[in-house]
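J.: Dropping the sequence and predicted coords here.
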Amino acid sequence: MTDQKSKEKLREFFKETVLALVASVRSLSLYPPEHPESKKKLDALFNRLELYLSQRPHLTFLLLGKEVIVENMPYPELSHLLPKLLQRLEAIHLERLMFRQGLSREELITFLQLLAPLLQDPKDGEMVLARNQEKLPHILAGRLPLDSQPQVSYEQFVDVLKVARQSVLAFSAHLKELFSEVEGPLSSEKVSLAKGAVETIQKMIKTRELPLKILIFQRSADPSSYVHALNVCALSMGIAEHMGLEKKWIQEIGLGTLLHDIGLYLSPSTFLSTTAVITLDEKNRYWDHPVRGAELLLASPGIPELVPIIAYEHHLRYDGKGFPEQQRPRELNLGSMIAMIADTYDNLRRDRPEHQALSMTETLNTMNQEAGKQFHPLLFKAFRDLVKAQASNQ
């Protein structure tokens, strides 16, 4: 079976699982679990979950307003099929639903019996789910964890800021080897270097050597494109992790955002002038860098499929505008939309030929005006809440 057919089959499996979940909830709102109709629906749902969880550690559904995302796959068609249900789930703040390995049929029924009446009367729904969490060791249901990272206290802030700046600059110097002398597809050695860099960045965030708060709060004083690549990578992985995406996708989004501007490094250099005067030739080469980067990455050994997609789409807007110009509407990848947000945030926070660096508040206000246009509104809301939470103890 080809990769494309496998993806189509998996996509259909996820869609049918969502519909089986909906059917089970509806059945339990009318009949007890032992009723033949309920039993039939529950068996169909549990068999699907059991099959998937026998091969993967968990299955995650993101329910963001009218958006349904299953394991990084958006399902816009479900928003039209299930508008009332999604509205009720939003009322009880059920934004993420994760089933883990070890799930039993009894635990699944317990959860669905809690959920069914809440969809009729959402009052205190979030509290009901929280109070019963101990009964559901293999199910996680509730809001997205937008502020699960530990905070940097005021007393630590100055010292941590100094250490983080030194770490960023030292590590970004190491990245120069990755981006130097790019004349064609990346060698297997450079691909390994890039993957190692992503793992290092992720480790620096987790060990607090490079806290997300510092990346969000500090202006990017260093104009180096390597620092920009590092910042966008770290911020994107932070967003993805807070959204509850699994480790594989977080790392692939990290690799894609680390290399999102790789097309700029191809000879001849595609970087815009550091002065305010930009030639038409520079503009044309800049507008072409997503295509050049995607082509380069597609031809590079060992690069995951998502990475060239992010390189190609990171300047495409939620409203269909941006570049490269599209002949027809394009359904953007979740990783690309995250990259657009992180890339824009870091660019607005640094001095550039066309503008001076903005403050954090100015940046958020500027970006907020583009929610629903340049940015996916729900993804931007998640990012904005994350930024505010991380910066709240400055």
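T.: Arrived safely.

J.: Only C-alpha atoms from now on, for both contacts and neighbour counts.
T.: Fine.

J.: element containing Leu59?
T.: According to DSSP states H and E, Leu59 maps onto strand 58-64.

J.: quick one: Arg88 and Lys123, what's the gap?
T.: To Lys123, Arg88 is 11 Å away according to C-alpha to C-alpha, to the nearest Å.

J.: Next one, pLDDT for Val152 please.
T.: Looking at Val152, its pLDDT is 34.

J.: ok, residues contacting the strand holding Leu59?
T.: When contacts are defined by C-alpha atoms under 8 Å, 6 or more residues apart in numbering, strand 58-64 is touched by residues 49, 52-53, 68-71, 86, 89-90, 94-101, 244-245, 378.

J.: so where is the stretch 251-394 of the chain shaky, pLDDT-wise?
T.: The stretch 251-394 of the chain contains residues with pLDDT under 70 at 267-282, 353, 388-389, 391-394.

J.: for it, what spans make up the strands?
T.: Taking DSSP state E, counting those that start in this stretch, the stretch 251-394 of the chain contains no strands at all.

J.: mind saving the C-alpha coords of stretch 113-130 as CSV?
T.: Coordinates of each C-alpha in stretch 113-130 appear next as CSV, following Å, rounded to 0.1, in the frame of the first residue of the first chain:
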residue,chain,number,x,y,z
GLN,A,113,-22.1,8.4,30.9
LEU,A,114,-20.6,11.5,32.5
LEU,A,115,-20.4,13.3,29.2
ALA,A,116,-23.9,12.5,27.8
PRO,A,117,-25.9,14.6,30.4
LEU,A,118,-23.4,17.4,30.3
LEU,A,119,-24.2,17.9,26.6
GLN,A,120,-27.8,18.5,27.6
ASP,A,121,-27.0,20.7,30.6
PRO,A,122,-23.4,22.1,30.5
LYS,A,123,-23.6,23.8,33.9
ASP,A,124,-20.5,23.0,35.9
GLY,A,125,-19.5,20.5,33.2
GLU,A,126,-15.8,21.3,33.5
MET,A,127,-16.0,20.8,37.3
VAL,A,128,-17.8,17.4,36.9
LEU,A,129,-15.1,16.1,34.6
ALA,A,130,-12.4,17.3,36.9
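
J.: Next one: the residue found closest to Arg330 once you drop the neighbours it is linked to in the chain from Tyr345, what distance?
T.: Nearest residue to Arg330 in three dimensions, chain neighbours excluded: Gly320, at 7.1 Å (C-alpha to C-alpha, 6 or more residues apart in numbering). Using C-alpha to C-alpha, Gly320 is found at 20 Å from Tyr345.

J.: Now intersect the contacts of strand 58-64 with the helices, please.
T.: Under the assignment DSSP state H, the contacts of strand 58-64 contribute Leu49, Tyr52, Leu53, Leu86, Leu89, Glu90, Leu378 to helices.

J.: What pLDDT is listed against the residue nearest to the fourth one when sequence neighbours are not counted?
T.: The spatial neighbour of Leu86 that comes closest, neighbours along the chain excluded (C-alpha to C-alpha, 6+ apart), is Lys66 at 6.2 Å. According to the per-residue confidence, Lys66 scores 72 in pLDDT.

J.: just the one 3 residues further on next, same as before
T.: Residue-level confidence at Ile69 comes out at 85, pLDDT.

J.: so it touches Tyr75, yeah?
T.: Yes. Applying C-alpha atoms under 8 Å, one finds Ile69 in contact with Tyr75, separated by 6.0 Å.

J.: Of those two, give the one with the bigger neighbour count.
T.: Using other C-alpha atoms under 10 Å, the more surrounded residue of Ile69 and Tyr75 is Ile69, with 19 against 16.

J.: Could you count how many residues lie near the closest residue to that one other than its chain neighbours?
T.: Counting by C-alpha to C-alpha, 6+ apart, Ile69 lies nearest to Leu62, which is 5.0 Å off, once chain neighbours are set aside. Neighbour count for Leu62, taken as other C-alpha under 10 Å: 23.

J.: Ok, the one 5 residues further on next?
T.: The local packing count at Glu67 equals 18, with neighbours defined by other C-alpha under 10 Å.

J.: Likewise for the one 3 residues further on?
T.: Val70 sits with 21 neighbouring residues when counted by other C-alpha under 10 Å.

J.: what's the distance between it and Lys247?
T.: Distance from Val70 to Lys247, by C-alpha to C-alpha: 15 Å.

J.: go on, Lys84?
T.: From Lys84 to Lys247 the distance is 32 Å (C-alpha to C-alpha).

J.: Also Ile109?
T.: 28 Å.

J.: Then Asp43?
T.: Here the criterion is C-alpha to C-alpha. By it, Asp43 lies 30 Å from Lys247.

J.: Ok, Ile341 next?
T.: Plainly put, Ile341 is 20 Å away from Lys247 if you go by C-alpha to C-alpha.

J.: the more surrounded of the two?
T.: Using other C-alpha under 10 Å as the criterion, Ile341 and Lys247 rank with Ile341 on top: 26 against 12.

J.: thought the more buried one was touching Lys381?
T.: No. Ile341 is not in contact with Lys381 according to C-alpha under 8 Å; the separation is 10.6 Å.

J.: Quick test: name the residue nearest the centre of the chain.
T.: Residue closest to the mean C-alpha point of the chain, counted by C-alpha atoms, centre = their mean, is Ala240 at 3.4 Å.

J.: Test my guess that that residue contacts Lys248.
T.: No. Using C-alpha under 8 Å, Ala240 makes no contact with Lys248, being 10.7 Å away.
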